[in-house]
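Enquirer: Show me the folded form of this:
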Amino acid sequence: MNTARLGLGTVQFGLDYGISNQRGRVSEEQAAQILSTAERRGVTMLDTAAGYGDSERVLGRMMVNYPGRFRVVTKMTATAATQATREEGQKVRAVLAQSLNRLGLPSVYGLLAHRAADLLQPGGQYLIDAMVECKSLGQTEKIGVSVYSGAEIDKILELFIPDIVQLPINVADQRLIHSGHLDLLKRHGVEIHARSMFLQGLLLMSPEALPDYFSPVRSRFAKIRAAFVEQQWTALEGCIRFAMGRPELDVVLAGVTGVDELEEILGIVQRIEDGRDEGFFPPLAIEDEPYLNPAQWKIAQ
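Expert: Numbers count the residues shown, from 1 in each chain. Now for the predicted structure:
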């Protein structure tokens, strides 16, 4: 069932997040309604992080109402150092314990490094070993990493085979499909969690309303929108059809700011068939990373 592949991103529970987010941070009352709707409609995966403001604490105050009903993935905060030490590796268990305390859980489904760069820096093996220890102690069922590029995936696989890799993918950003990295991860038995289905909301905006920074590729976003219109899809439906049509993706994450948004997404997810639209999307990809990676966007706040 498609809804079982949909995961709920919770960064909006703790931060005012998203280029197209006009509502701001989700209130705790709204978060409770979203979580209740997700549980009732068969969504079982929650994605959070220590770096998502109060997201873990907000979830923790609600998880008592849903014992064993959700699988939670959290992420370790990034280190400021340029070289990891044995001492920092030893802190990983304590950092995870703090997350578990905030979440009110004895363990999580997944513990990810929030940045691949933390594991790839000198001494990163200390952090990997500590994550492995957390897994052996039953504090987490799976371990892994959040990545931004195929180059990071290649380097990570030289160090260890993660259980989970979280990566960006959407109708505009198909780099990891074309490079073969999705297939590579599946050959290694890695569980793939896809984020950025809406490119932080950019793909849901009218091309004319995009910030000036995107002027060089505005026509490319207009082409994507026109293709959706031709198929009689909304931008939301086109984005969801693309992600749900990728058989390599085990979990497709979506962040929402209200129950109405979640219900709309679930309605689309339930009426589409896996893979039916897969051949429609490849020509719509954009290859320019500065416009695909939010960390590189130069937009006035």
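Enquirer: Could you tell me the phi and psi values at the closest residue in space to residue 60 that isn't next to it in sequence?
Expert: The shortest distance from residue 60 to any non-neighbouring residue, by Cβ to Cβ, 6 or more residues apart in numbering, is to residue 104 (4.1 Å). C-beta: built from backbone N, CA, C; applies to glycine. Backbone torsions of residue 104, given as degrees, to the nearest 10, read phi 70, psi 30.
Enquirer: ok, the residue nearest to residue 28 when sequence neighbours are not counted - contacts?
Expert: Spatial nearest neighbour of residue 28, excluding adjacent residues (Cβ to Cβ, 6+ apart): residue 58 at 5.8 Å. For residue 58, the contact set (Cβ atoms under 8 Å, 6 or more residues apart in numbering) comprises 10, 13, 14, 28, 31.
Enquirer: Recalculate using a threshold of 7 Å.
Expert: If you count contacts by Cβ atoms under 7 Å, 6 or more residues apart in numbering, residue 58 has them with 13, 14, 28, 31.
Enquirer: What segments of this protein are strands?
Expert: Secondary structure of the chain by DSSP state E: the strands cover 6-9, 45-47, 71-76, 108-113, 140-146, 164-168, 191-195, 251-255.
Enquirer: returning to what we had before: need the pLDDT of the residue nearest to residue 28.
Expert: Listed pLDDT for residue 58 reads 93.
Enquirer: go on, residue 17?
Expert: 49.
Enquirer: next one: the one 4 residues further on
Expert: The model reports residue 21 with a pLDDT of 42.
Enquirer: again with residue 27
Expert: pLDDT, read off for residue 27, is 89.
Enquirer: how much space is there between it and residue 12?
Expert: The spacing between residue 27 and residue 12, counted by Cβ to Cβ, to the nearest Å, is 10 Å.
Enquirer: Also residue 159?
Expert: Counting by Cβ to Cβ, the gap from residue 159 to residue 12 is 32 Å.
Enquirer: same check, this time on residue 58
Expert: The gap separating residue 58 from residue 12 is 10 Å, by Cβ to Cβ.
Enquirer: Check residue 32 too.
Expert: With Cβ to Cβ as the criterion, residue 32 and residue 12 are 14 Å apart.
Enquirer: who has more neighbours, the two?
Expert: Set side by side, residue 32 and residue 12 show more neighbours around residue 12, with 26 against 17, by other Cβ atoms under 10 Å.
Enquirer: ok, now which ones touch the more buried one?
Expert: Neighbour list for residue 12: 25, 26, 255, 257 [criterion: Cβ under 7 Å, 6+ apart].
Enquirer: Can you say which of these are buried?
Expert: Neighbour-count burial (16 or more other Cβ atoms under 10 Å) applied to the contacts of residue 12 gives 25, 26, 255, 257.
Enquirer: Between all of those, which two are separated the most?
Expert: 25 and 255 (11.5 Å; Cβ to Cβ).
Enquirer: And the helices in the stretch 101-250 of the chain?
Expert: Assigned by DSSP state H, counting those that start in this stretch, the helices in the stretch 101-250 of the chain fall at 116-120, 124-136, 150-159, 175-178, 181-187, 218-230, 235-244.
Enquirer: could the ones you listed be laid out in a markdown table, adding distance to residue 208?
Expert: Shown next, in a markdown table, are the helices of the stretch 101-250 of the chain (distance: least, Cβ to Cβ, whole Å):
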| stretch | distance to residue 208 |
| --- | --- |
| helix 116-120 | 35 |
| helix 124-136 | 44 |
| helix 150-159 | 32 |
| helix 175-178 | 26 |
| helix 181-187 | 32 |
| helix 218-230 | 8 |
| helix 235-244 | 13 |
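Enquirer: can those helices go into JSON lines with extra columns for mean pLDDT and mean neighbour count?
Expert: As requested, the helices of the stretch 101-250 of the chain are exported to JSON lines (pLDDT from 0 to 100; neighbours: other Cβ atoms under 10 Å):
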{"stretch": "helix 116-120", "mean pLDDT": "93", "mean neighbour count": "21"}
{"stretch": "helix 124-136", "mean pLDDT": "95", "mean neighbour count": "19"}
{"stretch": "helix 150-159", "mean pLDDT": "97", "mean neighbour count": "16"}
{"stretch": "helix 175-178", "mean pLDDT": "94", "mean neighbour count": "18"}
{"stretch": "helix 181-187", "mean pLDDT": "97", "mean neighbour count": "17"}
{"stretch": "helix 218-230", "mean pLDDT": "94", "mean neighbour count": "16"}
{"stretch": "helix 235-244", "mean pLDDT": "94", "mean neighbour count": "22"}
